[in-house]
Each structure stands twice: as C-alpha cells, then as structure tokens.
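# Mind folding the following:
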Amino acid sequence: MNAAHPTSFSFSFRGFARRGGITDVHSDGWGLAFYECRGLRTFHDSASASESVVARMVEEYPVKTVNMLAHIRYATAGEVCLENVHPFQREMWGIIWCFAHNGDVPLFKSKLKTAHAWIGDVPGERM
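The predicted structure follows:
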C-alpha cells in the first residue's frame, strides 16, 4: 500500500489476512513491514494469516503510514518456518530495505559482494 498521506491499513489488512488460509491457499506464513520515519517496523508469523494471533494484534494496531508491504506465503521452496517468511529486510548503505517476491527464484547468483548472513533457506532471500 502506498498513499500520499498517512493512512490506516487496518481495513485492507483484514481482507489480506483472510486470503492467508480462508479465501486462498497461501497459508504458509505471512509478514508485514511499514516505515515510520526512517525506521522499519515488521511483524512476521509462520502460522497462516487467517489463524495468526499476531495478525489479530496487527489488525488493531493504531498506526498510519504512507508505505506498507505485506506478503502471504505459499511455500514452494524452503521449509515453513519464521525465517522464511517475507518481507525480508536488510540494511545496506545506511538504509533499511525490505522486499518480498512471488514465485521461485531458481539459480539466482548475486553479483554483489556482501557480508550479509542469510537467515532462511529460500533462494529469494539472496536477491
């Protein structure tokens, strides 16, 4: 979600969470990231979004933001566990970046020389 002015994401998040196991098959975890000034606040759970206690808490979280990224996971690579849930986040060049993707990222070879330690075992984290 991107908005010109700080906006509550609670209504949109409720519909999103239903897709994580009730109205769709993406039930292998979920994650949410949003920026507050230069900081990044994140919530992740390996439970389906539709059954997650953390998701219920986020629905009631009283915050407004201009940038929010959410992802529900359908595991095609890597095990179903917290460290494989998107969005991923990394600090690079003094900026906290977050990203998520859909689908597999087969045989991805990064050309960046990095000292980052990979946390999960899904190829997309190495992008």
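# Now the helix or strand containing Trp97: buried residues?
In the assignment (DSSP states H and E), Trp97 maps to strand 95-99. Residues Cys98 are the ones in strand 95-99 that count as buried (16 or more other C-beta atoms under 10 Å). Bear in mind the C-beta positions are built from the backbone N, C-alpha and C, glycine included.
# ok, the closest residue to Pro6 other than its chain neighbours - how many residues close by?
With C-beta to C-beta, 6 or more residues apart in numbering as the measure, Lys64 is the residue that lies nearest to Pro6, at 3.7 Å, once sequence neighbours are left out. Neighbours of Lys64 under the rule other C-beta atoms under 10 Å: 14.
# so Lys64 touches Thr7, yeah?
Yes: when contacts are counted by C-beta atoms under 8 Å, Lys64 is listed as touching Thr7 (5.6 Å).
# Which positions within the longest helix seen in the chain qualify as buried?
Secondary structure of the chain per DSSP state H: the longest helix is helix 10-19. Buried residues in helix 10-19, counted by 16+ other C-beta under 10 Å: Phe13, Phe16, Ala17, Arg19.
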